[in-house]
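Asker: okay, here's the prediction I keep looking at, along with the sequence it came from:
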Amino acid sequence: MLAKRIIPCLDVRAGRVVKGVNFQGVKDVTDPVALAKRYNDEGADELVFYDITASHEERKLFTDVLEEVAGKIFIPLTVGGGIRTLDDFARVLGCGADKVSVNSGAIADFSLIGRAANKYGSQCVVLSMDVKRVDGKFTLFAKGGRENTGIDAMEWARRGVGDGAGEIVLNSIDTDGVKRGFDLEMLQELCSVADVPVIASGGAGSAEDFVTLFKSVPGADAGLAASIFHFEEVNIKNLKEMLKKSGIPVRI
Amino acid sequence: MIGIVDYGVGNLFSLKSSLKFLGLEYVVSGAEEVLGSCDRIILPGVGAFGDARGILKERGLDKFLKEEAASGKPLLGICLGMQLLLQGSEEFGSHEGLGLINGRACPLKGDIDPALKVPHMGWNSLHFLRKDPLFKYSREGDWVYFVHSFYGKGCGEDTLATADYSVPVTAAVGRGKVLGTQFHPEKSGSAGLKILRAFSEV
């Protein structure tokens, strides 16, 4: 049986890992290569790197970091942030990424998903979605959660999968940064419309939140978090032991 | 020296990095004379069976690989590379494989529990049917990373290991020194590195 995956997410800016708070303001955390190594040693199943750089020079620093990590750590690496063209796919895949996640780039040009899936295969294309309840409806947001697109999030997921997205990262803006657990209701809804792996993101505050996630949303394949891992509030090794004790299949 | 067959299929970054990490020498090439001088060969591959098979044939590499295998040179197929070693594939039509290993690549869909997702993507654990030197450093239950929608069916005695995905999914095959893994050892953490190291000693 497939293991449920635990995925730390590293936001990288100017060659450093940073952490945003409620989609606003960032604080410097540490060196990405050292952090990636720590996560690998603790048993992380996959790593996600988001490139949140502003300038061209910083973008080069990002791919340097990626290349260094990919040369030392042999678990799947997903890269996102600023992916708008097939050239962007080629750039990060050439530096060791295995999967590429698209978010605003797919909102700006939906054909990106299909074109990338044709060229690199669906397993390579991850659709990342920032979703928030607006008037009780799950609504897709763009630009790091700042802009309401007015698009129905579940319809967006359905279209994305139909066009070749091989995996979905669902980040709930409503629970992100709140640390009171994943958005189970939103995830359940997504799992009922998408038949590709679903990665839950936003809201994990404790190891118990991951147990609750996998127990209450059987369709969720992975749990993603950042700060609780960065600041060692949750140790991945201990987390996986707890999951195993709860009867959830994990790679230990 | 390990020869990695370069035929324009898939991303070789991780494979190269992991061999380098292990201190193993390798060369990436599509030229017979280069690959022929290596003492073992890795056939990687991601994508569609028919396309990959077509390219191998066009470049004469299919005949070359069969000759190398017949001469007893260790050969490791990874993912689609493993499937290419089989008799054939049912992926988008019927295609002939290299015929070095029993079985055909068939869709997971239809054979597995319909509630399970395809591709079979993520970490699954290995169950060994036969302990080949390729797995001399591995242990029963080791976790490895899979991404595939087709699998080797009817591999019979050539099956070395399976992974449970409601049915036993062929995870590794072997006949003599012709070996294949459906999973990606270059993406399977320390468990995968152990397999690549063992291959360098087969």
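Answerer: Cool, got the structure.

Asker: SS state for residue B:130?
Answerer: coil (DSSP: H, G, I helix; E, B strand; the rest coil).

Asker: so it touches residue B:156, yeah?
Answerer: No - if you go by Cβ atoms under 8 Å, residue B:130 and residue B:156 don't touch, sitting 11.3 Å apart. C-beta: built from backbone N, CA, C; applies to glycine.

Asker: residues from the stretch 151-252 of chain A in reach of chain B?
Answerer: By Cβ under 8 Å from any Cβ of the partner chain, the residues of the stretch 151-252 of chain A that approach chain B are A:166-167, A:195-197, A:221-222, A:251.

Asker: which bits of chain B sit near chain A?
Answerer: Applying Cβ under 8 Å from any Cβ, one finds that chain B approaches chain A through B:11, B:13-14, B:17-18, B:20-21, B:46-47, B:117, B:119-125, B:143, B:145, B:147, B:164-165, B:186-190, B:192-193.

Asker: in which helix or strand would I find residue A:182?
Answerer: If you go by DSSP states H and E, residue A:182 is not part of any helix or strand.

Asker: what does the stretch 1-150 of chain A have sitting close to chain B?
Answerer: A:1-3, A:5, A:40, A:45, A:70-72, A:74-76, A:93-96, A:98, A:121-123.

Asker: what do you get if the cut-off is 10 Å, keeping everything else the same?
Answerer: Residues of the stretch 1-150 of chain A that fall close to chain B, judged by Cβ under 10 Å from any Cβ of the partner chain: A:1-5, A:40-41, A:43-46, A:67, A:70-77, A:93-99, A:119-124.

Asker: which ones among the residues you listed map onto helices?
Answerer: If you go by DSSP state H, the residues of the stretch 1-150 of chain A next to chain B have A:40-41, A:67, A:70, A:93, A:119-120 in helices.

Asker: need the buried ones from these selected in ChimeraX.
Answerer: To isolate the buried ones among these in ChimeraX, judged by 16 or more other Cβ atoms under 10 Å in any protein chain shown, type:
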select /A:40,67,70,93,120
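
Asker: who does the residue nearest in space to the middle of chain A form a beta bridge with?
Answerer: For chain A, the residue nearest the mean C-alpha position is residue A:169 (5.2 Å; Cα atoms, centre = their mean). Counting by DSSP bridges, residue A:169 is bridged to residue A:128, residue A:199.

Asker: rewinding a little: could the ones in helices among the residues of the stretch 1-150 of chain A next to chain B be laid out in CSV, adding pLDDT?
Answerer: Formatted as CSV, these follow (pLDDT from 0 to 100):
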residue, pLDDT
A:40, 96
A:41, 95
A:67, 95
A:70, 95
A:93, 93
A:119, 88
A:120, 88
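
Asker: ok, which pair from the ones in helices among the residues of the stretch 1-150 of chain A next to chain B is furthest apart?
Answerer: Greatest spatial distance among these (Cβ to Cβ): A:41 and A:119, at 34.2 Å.

Asker: before we move on, back to that, out of the ones in helices among the residues of the stretch 1-150 of chain A next to chain B, which is nearest to residue A:81?
Answerer: For these, the closest approach to residue A:81 (Cβ to Cβ) belongs to residue A:93, at 14.5 Å.

Asker: quick one: residues contacting the closest one.
Answerer: A:79, A:99-100, A:119-120, A:124, B:11, B:13 (Cβ atoms under 10 Å, 6 or more residues apart in numbering or on different chains).
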